[in-house]
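>>> Sequence and computational prediction follow.
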Amino acid sequence: MAKVSMTVNGQNVTRDVEPRTLLVEFLRQHLDLTGTHVGCDTSQCGACVVHLDGRSVKACTMLAVQCEGAKVMTIEGLAQNGELHPMQAAFREHHGLQCGFCTPGMIMSAIDLVQHNPSPSEDEIRHWLEGNLCRCTGYHNIVKAIKAGAASMGG
Amino acid sequence: MAENGIGASVRRKEDYRFITGGGQYVDDINRPGQAYAYFLRSPHAHAAIRGIDASQALAAPGVLAVLTGDDVKAAGWGGLICGWMVKSKDGSDMKAGPHPILCQGKARYVGDPVAMVVAETYLQAKDAAELVEVDYDVLPACVATDKADQPGQPQVHDGIANNAVYNWELGDKAAVDAAIAAAAHVTKLDFVNNRLVPNAMEPRAAIGDYDRASNGFTLHTTSQNPHVARLVISAFVGVAPEHKLRVIAPDVGGGFGSKIFIYNEECACLLASRMVRRPVKWTAERSESFVSDAHGRDHVTHAELAMDRDGRFTALRVHTKANMGAYLSTFASCVPTYLYATLLAGQYKTPAIYCEVDAVYTNTTPVDAYRGAGRPEATFLLETIVETAAKELGVDPAELRRRNFIEPSAFPYQTPVALVYDIGNYGAHLDKALELADYAGFAGRRAKSEARGKLRGVGFSCYIEACGIAPSAVVGSLGAGVGLWESAKIRFTHTGVCQVLTGTHTHGQGHETTFAQLIADKLGVPIDNVEVVHGDTDKTPVGMGTYGSRSLAVGGQAIVNAAEKIIAKGKKIAAHLLEAAEADIEFQNGSFTVKGTDRSKSLGEVVFEAYVPHHIPQGLVEPGMEETAFYDPANFTYPSGTYICEVEVDQDTGVVEIDRFVAVDDFGKVINPMIVEGQVHGGLAQGIGQALIEGCVYDEAGQLLSASYMDYCMPRADGLPDFQIATTETPCTHNTLGVKGCGEAGAIGSPPAVMNAITDAIGVRVSMPATPEKVWRALQNRQMPQAAE
Ligand code: FES
Ligand code: FES
């Protein structure tokens, strides 16, 4: 067992974990933050995307112990005082989700895009999403939602 | 229109929990004391199992049990079943080989579950599985669809000769043969409809939970139809009587057909739970999903379309071989028969159609319904052969179609393949699509592409589908083991909250919103006061679930019928309260009013009175306000549409780029246009995926080579166009909503549009998926004149 400490959605957490525990397992099983999903075992679907020190990472592709001391933000940490993050609101407004399984990863990924490209074009959005699979929406409305989300984030 | 009622693009009620990480999918649920399961699967496509030694695994840390086929046998449990009896031409029953929960003596496909390891943690179970020693005798495998029933092929099931499941036929063979012999022109084509993996983003999962006190089970599972799961697991697997088995399908992350079926793993979790006396949870890894979720499509077909001198279709003859995989999955048998051949009339008045289908076993993952299920295969065939015929005749493909359309005045229209279309207007969506796609400007765009060294092509698809599945008596006469009606219960509480309990299941379709809109429209209840409940056999009335674009056309109509009962009862109460005759009470916008007066009672007041019946005389009505309706449709519904795809092909790389995609659909009345468009988008993406990039590849030994997202190409955001979507409307004639269903259309209609566009661009046909390599090779060969055809 290894002791690991990090900040998750603003809370300090410390747990004893098997060294091979993935960040996504740590979040889902040890912290019961089940909004971060697992859709594949080859690091391709992006259902598990979270923010690590402000940048998007695939939580299935990191060990929890690699995140020692880091600041992790998951989908559960986005809304503040019951107020949706503009990107969350945009997904709802533009029907950017159907079954919702890819959605947390899409939203976390989209926010990272906007953080370093405040007003992405449709092409840039589509290109950025190459690491996120959605089987339901055909991406059409996800792209629209991200565009609108970027605008309301102030881009 | 009531606010947020029928026709409004209401934002979805269910979204809040999904966008905040609050969804509750099966893997998000943990039961106290839960153990974990890992399935050891056959690495061989075909092997005799001489023995299984689990002793080392049992001694590994954390291991609670190792189950094999013997444990299932010892429990007296049976196997999985196929619920639709299809008979061969000679009248004999289809040949269903036994489908054990865990292999018994033989493994029949790569991924067939051989043993189940249960441990304190998932990783302990997975580690211990490596210690289970299975003595395999590897056998040659039967893999290829078109060769499976040839002599000398390995036999998948003992006693089932030539791997033949059935040899089925539909239509008038003599009439078709005669028409083809007399035809002015016959277009002949061979087709392969590529095998696909459904790939819902949420992997399948199950938690089996045995309760000693009641001797009953609770199963949490990723299901599109929990009541059907309960029925099959109870009545056929024999786990427990139905009332001792509760099936809960909570939030489900996409289904597309793959979560209709009853699978080995969920049954095994129930048995394991009873053995270890703890809840047992299993969640598929994606690699397992690839080999164990039922696949889709996989047809090899020869078809001939006969025409007279004017290009009027006179007959269609089709022979298909359909791969069922190693076992008959839950509804596998009806997909290449009653959901396929019955659609071969398409939008055309072809007078004679004959279809023969040979279904075969192979040593591959079972194949069953995947978005569209049979109807995409029929549409691909028909719309490709029609387009090819147009080219051969030198007629514009839109014009040839129009010439053969069933006219709007001809409905109801009896096709030669069993269905009666109730309504449609095919010219209307063709016209609209031609306009939206700027078909008139195509020649100019093609010239521009050519100037840049690119090849441009345009392709059509005018699809029809039969959905709103299904009139029970009709499907019963065709072999279905169940009725396909749907149920709904509307329950008001004292305070006027309206619960809608539905037998359908939502896993992305937005029922929580659409069904609330029906209530808003019919009963005037604000949608925020409506709660849609589904997915729990202990809560909802028995229902048949969600597939075949049936939820609104069948389940929605059941809700409306229940609402009518609420109104009828409410009128009695209101009449008494308002001291008027019941016949004089009108219900509108949530109020009961005495005709011609302003005297009224709101639905809320009436509901309150129903629960607190202080002013209701004995015997007027029963207290309470809760009504149930079961609705069995009179016919299928027949959405139709025209899709036009325009592609540009890079001659140097073979890369196909979709320049525009226009989809005009007639879904009848639309309840929530936003949701309907979303359904079309998703269907189109899957259909375009099938056409361009998706496909299963098995090697000769039966190894699935395309078994991960690194090998199986999924549509991604940067490979899809912005879709142009529109609708036309002919309301369904046999439900009061006028709705038809929209969930599958995109996947049904799009593959031929894309493929026809590619053929138009490069001048030769390639098979799906039209990968850059295939297209490039076709272009290289084309340059050699003798290989041009
Ligand atoms: S689960 Fe992390 S990329 Fe698929
Ligand atoms: S919404 Fe279902 S996978 Fe994206």
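Everything's here; your move. Ligands and ions are numbered 1, 2, ... in the order given.
>>> C-alpha from now on. contacts and neighbour counts both.
Will do.
>>> any idea how far stretch B:162-169 is from the chain center?
Centre-to-centre, stretch B:162-169 and its host chain are 23 Å apart (C-alpha atoms, centre = their mean, to the nearest Å).
>>> tell me the contacts of residue B:655?
B:649, B:771-772, B:775-776 (C-alpha atoms under 8 Å, 6 or more residues apart in numbering or on different chains).
>>> would you turn those into TSV with secondary structure?
Shown next, in TSV, are these (DSSP: H, G, I helix; E, B strand; the rest coil):
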residue	secondary structure
B:649	strand
B:771	coil
B:772	helix
B:775	helix
B:776	helix
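>>> Pick out the most distant pair among these.
The two members of these with the most space between them (C-alpha to C-alpha) are B:649 and B:771, at 11.3 Å.
>>> Which neighbours do those two have in common?
Here residue B:649 and residue B:771 have B:655-656 as joint contacts, going by C-alpha under 8 Å, 6+ apart.
>>> Compare those two (neighbour count), which wins?
Neighbour tally, residue B:649 and residue B:771, criterion other C-alpha atoms under 10 Å in any protein chain shown: the higher count belongs to residue B:649, 25 against 18.
>>> is it true that that one touches residue B:656?
Yes. Look at residue B:649 against residue B:656 with C-alpha atoms under 8 Å: they come within range, at 4.6 Å.
>>> residues shared between the contacts of those two?
Contacts common to residue B:649 and residue B:656, judged by C-alpha under 8 Å, 6+ apart, are residue B:758.
>>> hmm, who's touching stretch B:208-220?
Defining contact as C-alpha under 8 Å, 6+ apart, one finds that stretch B:208-220 is touched by B:26, B:206-207, B:240, B:244-250, B:266-267, B:269-274, B:277-281.
>>> in it, what's buried?
B:208-211, B:216-220 (16 or more other C-alpha atoms under 10 Å in any protein chain shown).
>>> Tell me which of the residues you listed fall in strands.
B:208-211, B:216-220 (DSSP state E).
>>> Now cross-check the residues you listed against ligand 2 and list the overlap.
Counting by C-alpha under 6 Å from any ligand atom, the subset of those that neighbours ligand 2 is empty.
>>> Compute the distance between the residue in the stretch 201-350 of chain B positioned nearest to ligand 2 and residue A:107, please.
Residue of the stretch 201-350 of chain B nearest ligand 2, by C-alpha to the nearest ligand atom: residue B:201 (5.0 Å). Using C-alpha to C-alpha, to the nearest Å, residue B:201 is found at 16 Å from residue A:107.
>>> the more surrounded of these two?
residue A:107 (28 against 25).
>>> isn't there a strand covering the more buried one?
No. Going by three-state DSSP, the assignment for residue A:107 is helix, not a strand.
>>> show me the contacts for the residue in the stretch 301-450 of chain B that ligand 1 sits nearest to.
Closest to ligand 1 within the stretch 301-450 of chain B is residue B:370: 22.2 Å, counting by C-alpha to the nearest ligand atom. Contacts for residue B:370 (C-alpha under 8 Å, 6+ apart) come out as B:198, B:256-258, B:295-297.
>>> and it, that one's in a helix?
No. According to three-state DSSP, residue B:370 belongs to no helix; its state is coil.
>>> That one and ligand 2: what is the separation?
As judged by C-alpha to the nearest ligand atom, to the nearest Å, residue B:370 and ligand 2 stand 15 Å apart.
>>> Residue B:498 now?
In terms of C-alpha to the nearest ligand atom, residue B:498 sits 27 Å off from ligand 2.
>>> and that residue, how many neighbours?
A count of nearby residues for residue B:498, using other C-alpha under 10 Å, gives 24.
>>> Return the residues in contact with it.
Residue B:498 makes contacts with B:490-492, B:525, B:529-531, as judged by C-alpha under 8 Å, 6+ apart.
>>> Nearest to ligand 1 among the residues you listed?
Using C-alpha to the nearest ligand atom, the contacts of residue B:498 come closest to ligand 1 at residue B:531, 31.8 Å.
>>> Next SSE downstream of the helix or strand of chain B with the lowest mean pLDDT?
Within chain B, confidence by mean pLDDT, DSSP states H and E is lowest for helix B:472-477 among all helices and strands, at a mean of 89. Going down the chain from helix B:472-477, the next helix or strand is strand B:486-492, by DSSP states H and E.
>>> tell me what that next one is packed against?
strand B:498-502, helix B:557-577, strand B:626-631 (3 or more C-alpha pairs under 8 Å, 6 or more residues apart in numbering or on different chains; DSSP states H and E).
>>> Residue 75: how many residues sit nearby?
Let's take chain A. Neighbour tally, residue A:75, other C-alpha under 10 Å: 28.
>>> The chain in question should be chain B.
Residue B:75 has 13 nearby residues by other C-alpha under 10 Å.
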